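# coordinates only, sequence not included:
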């Protein structure tokens, strides 16, 4: 009986070890990253080449960590106009499109935003429809099927029919529904940039954090600089 008991213990231990090894061998689940580039006139992204390069490098860091079958989506926003925001990049990480290549391509695109605007290939815009952009992207992603992160390269100053955030105040409307329920993160790169006001940055972060939580994001991060 004692020998049988010891044998059963070894079998159980072997099964646990095999299960753990199998879990370690399983590839990480794919993720989705949505990159929104703000073309509004207030955003230094479309004017300052050094700043645009830093934003591109920061976004590239996020892409480098993506596992196979992950999706990268790059869009522009500003005015509520599909004609003025025709830039759309969709890439799936694969053996043919490795994270390093995709990260480099996106970083170069972002770094060249000032030149693209200057050369007329992209149009600087007089409105800042951040909320509308999020509303537009919500049906495109599925937070139940993969981890979803939304990265916005914007100063955070919403200026639309939904509301206006200024250096001195203003508020965002609460989301109508939690369209991003289960989504992992809303990351804003450059929030408050160009305002020259630390208190404005604090106010913007407070507004967008509240909005992100009500929209269903698990986490909000707003970075003035990095």
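Arrived safely, thanks for sending. Keep in mind the model is a prediction, meaning the values are calculated, not measured.

# make it CA atoms for all contacts and neighbour counts henceforth
OK.

# tell me the phi and psi of residue 31?
Backbone torsions of residue 31, given as degrees, to the nearest 10, read phi -120, psi 170.

# if I look at it, how far off is residue 45?
In this view, residue 31 and residue 45 are 26 Å apart by C-alpha to C-alpha, to the nearest Å.

# and those two? which has more neighbours close in?
For residue 31 versus residue 45, neighbours defined as other C-alpha atoms under 10 Å are more numerous around residue 45 (29 against 23).

# so who does the nearest residue to the more buried one once chain neighbours are set aside touch?
Among residues not flanking residue 45 along the chain, residue 52 sits closest, at 5.0 Å (C-alpha to C-alpha, 6 or more residues apart in numbering). Neighbouring residues of residue 52 by C-alpha atoms under 8 Å, 6 or more residues apart in numbering: 44-46, 110-114.

# Check residue 177 too.
214-215.

# next one: residue 100
63-64.

# From residue 189, how far out is it?
21 Å.

# Might you calculate how far stretch 137-157 sits from the centre of the chain?
Mean C-alpha position of stretch 137-157 versus that of the full chain (C-alpha atoms, centre = their mean, to the nearest Å) differs by 5 Å.

# How about stretch 49-69?
10 Å.

# what's the answer for stretch 206-219, then?
14 Å.

# what mean pLDDT does it have?
Averaging pLDDT along stretch 206-219 gives 97.

# Am I right that residue 137 falls within a helix?
Yes - inclusion of residue 137 in a helix is indicated when DSSP: H, G, I helix; E, B strand; the rest coil is applied.

# check contacts around it.
No contacts exist for residue 137 under C-alpha under 8 Å, 6+ apart.
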